[in-house]
Structures are given as structure tokens and as C-alpha cells.
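> pasting the structure only:
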């Protein structure tokens, strides 16, 4: 008998909604762990059958499935399938005492680094650490929007499977094995941008559970930072119960119901979320619930759905949400993103859009993440643009030596030796031009100048599929964002009250830059997946991405806590900016002139002097590099073979080139027949 046949033979006798939900999930086509149902009496036999059919390589997870939910009372247990009898007998005794009509579900054990609960009706998901980071309230969570279409499709599948899902609210539990569970903090910058997205078999749907009416999360009013709900809109805390885990559930289920709830009773869960087991019970019991620390005697109000605030004297006035109220936190994020930039911060786009309109978690933290994304998108535009400029010497008809010397100074002479094994001073590898953004902080005004130089250079002379108009347009948008970041830094330093007026143009410019295209598609697909942007505007449609973002946030939170102990260098782009002045006319008049004399220190000419640059980069393809062109620009190297060829070709002492032989002219006559 296969496991499927075993389950089908017992399915009609299952009374536990939890167990039924596990098997209903199989009909949705989603990835669920291998599961095998067992009655209370046959648990030892079922474990023996599992060992025969699946093997003894790994332990299993035996899930208790009561008819009446008893979170924290009848625990699910990890079981050694090679030696299971004592554990099986113990679980049987507990279930017979508390839930004689319940059952067990044996599942493959998943080494989950994170778990999540989603609300299909309200379309949001909360992710936390470990196998029960959300349900048990372990803190360090993130809250994200879900795509409406994927939820409709999922619910449609469930409702076709079982009509019970037509009427009641349900929650879906998931776990992810995307990362190794015992790694304290994932080193996100080392994640390779192509391999990140291989999620096959990494995310598992583990349970459909019945729940009370979910809480919709609206935009928080000004100054409101705490998630929660208060049924009557306001409560004075006379009776307080602070929950710190599932061990609190038994007492709550036995003593707190709609019929027997003390006046002024409030449940506080400092590390909870709106989708924890504690919150689910409070929703059903119509009990005020607050994600935070609360004290008896405090007065709390719910100014917007999903948000609560302490209002001791009743003077709180809920002003509409305005992102500019969190300007300081946003700029702290910009500073962090400038210091600790990495390619995967593209996934923070979802927080940028939450920041603009509707934070789903603490708005101060949302603003911080949004600021990181603002720094990321400007640095990313810089990286891709200068990386594309490496093709100028071969793909741009009007390129000059300036293009290559510019790239040399963008990277920095001291950094070239470990970036490339070449000895020619300018690397041909695209990824090497991504590294300066990670080396240290940028001056945003210098970034603006460099992107403007790229914009001008991309406008003309490029072969098809390289550089060109699209790149120029994106550089222009990136320049605008960099200019506004520079302005906003000054606003912050001067404690100017103009952030309300100057933040908005930056947000608008970043929105445009997000949608930028290059010649062959999305501009930023050079090192990130476009899903990271798509989920920011329409919600997550690939739930694996929620777990990816969770690890990035976890990394950032860790880095933020220790950033004061991390020395971050400044990557000076002054020389690259100065090279921008070197136009073709200046090159002709100054580069080769008086080459026997060393240039004055810190002069523009000194930036070209004694650089090791390959001949094809000193004399790029096109009119400024062709020895036959009258606009040829000498590179300044007295040993340059190309410059000597040019001199020979245009030498006044060269014998006159012979005129082409003239053909004898003939008179033409029309001959009549």
C-alpha cells in the first residue's frame, strides 16, 4: 500500500480541520511535505510503515491534529524513526486525555530557516524566523502585500476542493528551506544574482487553518508605529495579559472568550504579529491585541485599521500618513545604503512603495528600508552605466581616449590590480565596474556629474545593441535622483524644514528610474531579477521571494546594529569627474603637446600621464582613432606604434601618392542599322 492509498483509506474518518486542511492543500498543486495520516491508536504502526516506505535516513515531524485547536497544549514533536516507540506512546497518552477524537499527521522533517502565515482575503503575508516564527511570536518579522490574482486562484482551488472554504476565513502557513537554518545571518552580498532564484522545492505549504476575521492594514496616521487592534476603538487597560509564546494559549482559550472577558482586558505580545496564534485567538474573542509593551492604566486607541497608539489624555488627532514625517529615518537608510550597498538590495523596492503610500509594519523601519533602496538604485544605475561604457573604444564611432581614462579613474588606479589580471589598466569585465559601488561611499553630486557624462556619451555613435538613446535616458533619470539625494543630504544637515517639498521630487524620479529600459529589456536585469520590482507595485506572486526578502532584511537589521563598529572608506570620484572636462579639442591641443615635459601636478593633463592603457583603448575605433583620419588624436606616448603610423601617413616628407591611371576617353557614336 502506497502512502496515498493509506491516506485515502483513512481520510473519511478524519475530524480535525487541521488534518483535513493539510490534505486539501495537496489539491492546489502547491508544494507540500510528504504527509501520512494516523489515528491515535495506530501511531506506532503508522511510524513503522513510514520507515518501510520512506526509509530511516531522517527524523520525521509528527503533527498533533485535535478537533478543537489547542495551540501550545498538545505539541507537535520531532521523532526519531529508528527509535520511536517511547515518543509514540507518550503522544498517544496526551491525545487520548485531551483530544480522543483527534489524529496525527506524520510529515517529512523540514529544516526551515523561516516560516510565514498569509491572509488570502486581506492579501498580506507576514514572515518570521524558524518553523514557528509567526505563529509562536518570536519577533523579527516583515509584512508584505500579496498579488490579488495569485490569491484568487489559490482560493478558487481550495473552494473547489472543499465547500467549507466558501464561508469561513482561513489562513495559510508556509515554511522555507531556502537557506541553511543554523547560519546566524546570511551574507547577502555574496549571493550570486543568477543562482538566487533557484527555489525548486524550497518553499512548502504546511497548513490551512480556520481563523477569525482578519485585520486589514491601512496606512498609519502620523506618529503611529505599533500594529494591533481594539474592537471598540478605545480601551483603558484594567486587565493585562502579556504573551511570550504558545504556552500562553491554553490559558487564553480556557479563560478569554467573548462571553467571559473582563472589562478592560488587553493582550500584549511584544514579539507578535497580526497573524500569530495569540492574535488569531484575540480576533475571535474580540479582545484588544497590541504588538508591543503595555502597562495597566494606559489608554490605547485604534486610529486606523491594524494600528494602535497610546493616547493617555485623549488628545491624539489622527493626521493622514505623510512619508515626509519619516524623512530622518529615510535619510538614515540612504546613508546605510551608500555605506553597505550590495546588488540584492533591489528587493527592498517593496518597502520604497510602502513608504510612499501604506507601510504595513513600523513606518520608521519602512522609511529606513526605502532610503536604502533609494541609494541602491542610484548606485546601481552608476554601476551599469560605467560598465556599458567599457564598450566605447570598440562600439562607439566617436569615442576618444577620454572614455578609457575616465573608466580608469572611476575604478581607481590602486584598485585595478586586484580586479583584473590584465596589465592594461582598464578591465574588460563588466562585473569589475560594479565593484566601486561596494568599495565605499559616493558623493552624490559626483555621481550626478558622472551620469551626466555617460548620458552625453550614450547619445550618439553607438552600434546597435550597445549604449545608445535608452542608456542615455536612464542616465538622465539616475542623474536627477543623485542630484536630489545631494540636496536632501544638505536639507538634513541644515535641519531645513523643506523636506516636505524636496522629498517628493526624489520619490517621483525614482519611480521613473525603476521602469527604465536598456536596448534589450529591463535596465537592472544585469544583476537583479525584475520580480524584485514587480512585487513592489502589484504584490508578491512568487511566495519564495518573500523569504528572499526576509533574509535581506535580517541581514540589514544585523548590520545596522553593528555599523558603528564598521569602518567604511569613501570612494573618491574626483579624478573621474575632472576627466569629463577632456573634450576632443582639449585633447588635440594638450595631450600630446610638450610630452617631453612632465605635466604640472594635479593638472588635468596629469590624469592622462603615465597610465598603462592598451593601444586599442588609446586609439579607439572611429574618427579619433583612425590613422587615416585628419581628426586623429595622438595619445601622448612617444613609443606608441599607432601614433607613428599616423605621422608617417600624414608626413609632409612622404612621396606624393601616385595619381590613379587615367583611362583613355572614347567618343561615342550612335550607329544606325
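Looks like it arrived, so ask away. On a predicted model such as this, the values are computed, not experimentally measured, just so you know.
> so which bits of the helix or strand harbouring residue 376 are buried?
Taking DSSP states H and E as the criterion, residue 376 maps to helix 363-389. Buried residues in helix 363-389, counted by 16 or more other CB atoms under 10 Å: 363, 365-389. Using the backbone N, CA and C atoms, a C-beta is placed for each residue, glycine as well.
> can you report phi and psi for the closest residue to residue 115 other than its chain neighbours?
In this structure, residue 115 finds its nearest non-sequential neighbour in residue 175, 4.6 Å apart by CB to CB, 6 or more residues apart in numbering. When read as degrees, to the nearest 10, the backbone of residue 175 gives phi -140, psi 160.
> show me what contacts the residue lying closest to residue 89 once chain neighbours are set aside?
Among residues not flanking residue 89 along the chain, residue 44 sits closest, at 7.4 Å (CB to CB, 6+ apart). Taking CB atoms under 8 Å, 6 or more residues apart in numbering, we find residue 44 in contact with 84, 85, 88, 89.
> surely residue 44 is in a helix?
Yes: applying DSSP: H, G, I helix; E, B strand; the rest coil, one finds residue 44 inside a helix.
> roughly how far apart are it and residue 104?
Taking CB to CB, to the nearest Å as the measure, residue 44 falls 11 Å from residue 104.
> bridged to residue 173, which residues?
residue 117, residue 207 (DSSP bridges).
> what does the pLDDT read for it?
pLDDT for residue 173: 90.
> with residue 655 instead?
For residue 655, the pLDDT comes out at 49.
> same thing with residue 19?
Reported pLDDT for residue 19: 92.
> all further residue positions should be reported with the first residue as 184.
Sure, I'll start counting at 184 from here, so that last one is residue 202.
> gap between it and residue 676?
61 Å.
> more neighbours: the two, which one.
When residue 202 and residue 676 are compared for neighbours, residue 202 comes out ahead with 26 against 9, by other CB atoms under 10 Å.
> picking that back up, among the contacts of residue 227, which pair sits farthest apart?
267 and 272 (9.4 Å; CB to CB).
> okay, the two: which has more neighbours?
residue 267 (21 against 11).
> how far away is that one from residue 261?
Residue 267 is 11 Å from residue 261, by CB to CB.
> OK, contacts around the residue nearest to the spatial centre of the chain?
In the chain, the C-alpha nearest the mean C-alpha coordinate belongs to residue 530, at 1.4 Å (CA atoms, centre = their mean). Shown in contact with residue 530 (CB under 8 Å, 6+ apart): 711, 715, 728, 731, 732, 735.
> any chance of TSV for those, columns pLDDT and secondary structure?
What follows is the contacts of residue 530, written out as TSV (pLDDT from 0 to 100; DSSP: H, G, I helix; E, B strand; the rest coil):
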residue	pLDDT	secondary structure
711	81	coil
715	88	helix
728	89	helix
731	86	helix
732	91	helix
735	90	helix
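> contacting residues around the residue nearest to residue 298?
Neighbours of residue 358 in contact, by CB under 8 Å, 6+ apart: 293, 295, 297, 298, 299, 314, 386, 387, 389.
> what do you get if the cut-off is 6 Å, keeping everything else the same?
Residue 358 makes contact with 293, 295, 298, 314, 387, 389 under the criterion CB atoms under 6 Å, 6 or more residues apart in numbering.
> residue 730 too?
297, 359, 361.
> from residue 295, how far out is the residue lying closest to the last one once chain neighbours are set aside?
Read that as residue 361. Setting aside the residues directly before and after it, residue 361 is nearest to residue 385 in space (CB to CB, 6+ apart), at 4.5 Å. To residue 295, residue 385 is 10 Å away according to CB to CB.
> swap in residue 286?
From residue 286 over to residue 295 (counting by CB to CB), the distance is 23 Å.
> and the two? which has more neighbours close in?
Neighbours per residue, other CB under 10 Å: of residue 286 and residue 295, the larger number sits with residue 286, 27 against 24.
> so the more buried one touches residue 202, yeah?
Yes: using CB atoms under 6 Å, residue 286 is in contact with residue 202, at 5.5 Å.
> which neighbours do the two share?
Looking at what touches both residue 286 and residue 202 (by CB under 6 Å, 6+ apart), the common residues are residue 248.
> tell me where the stretch 634-783 of the chain has strands.
For the stretch 634-783 of the chain, the strands defined by DSSP state E, counting those that start in this stretch cover 700-701, 704-705.
> for stretch 732-752, buried residues please.
Buried-residue list, stretch 732-752, by 16+ other CB under 10 Å: 732, 733, 734, 735, 736, 737, 738, 739, 742, 743.
> next one: it to chain centre, how far?
Distance of stretch 732-752 from its chain centroid, counting by CA atoms, centre = their mean, to the nearest Å, is 14 Å.
> and for stretch 480-487?
34 Å.
> contacting residues around that stretch?
Outside stretch 480-487, the residues that touch it by CB under 6 Å, 6+ apart are 401, 404, 407, 413, 416-420, 491, 493-495, 501.
> where in the stretch 334-483 of the chain is pLDDT low?
350-351, 363-384, 430 (pLDDT under 70).
> where along it do the strands fall?
352-359, 386-394, 409-412, 417-419, 422-425, 448-451, 472-473, 482-487.
> remind me what the third one packs against, helices and strands.
Using 3 or more CB pairs under 6 Å, 6 or more residues apart in numbering; DSSP states H and E, the elements in contact with strand 409-412 are strand 472-473.
> then the second one?
Applying 3+ CB pairs under 6 Å, 6+ apart, one finds that strand 386-394 makes contact with helix 200-208, strand 352-359.
> again, but for the fourth one
For strand 417-419, the packing partners by 3+ CB pairs under 6 Å, 6+ apart come out as strand 482-487.
> direction included, what does the strand it packs on pair against?
Strand 482-487 has the following strand partners under DSSP bridges: strand 417-419 (antiparallel), strand 490-493 (antiparallel).
> deepest-packed of those, please.
Greatest average neighbour count among the strands paired with strand 482-487 goes to strand 490-493 (a mean of 22), per mean count of other CB atoms under 10 Å.
> show the average pLDDT along that one.
97.
> now stretch 522-536
Averaging pLDDT along stretch 522-536 yields 93.
> so how far does it reach from one end to the other?
When the termini of stretch 522-536 are compared using CA to CA, to the nearest Å, they are 22 Å apart.
> what residues sit buried inside stretch 578-587?
Within stretch 578-587, the residues that count as buried by 16+ other CB under 10 Å are 578, 579, 581, 582, 583, 584, 585, 586, 587.
> err, stretch 428-436, not the other one
Using 16+ other CB under 10 Å as the test for burial, stretch 428-436 gives 428, 429, 431, 432, 435, 436.
> which of those residues fall in helices?
If you go by DSSP state H, those have 432, 435, 436 in helices.
> distance check, the first one against residue 833.
Taking CB to CB as the criterion, residue 432 is separated from residue 833 by 90 Å.
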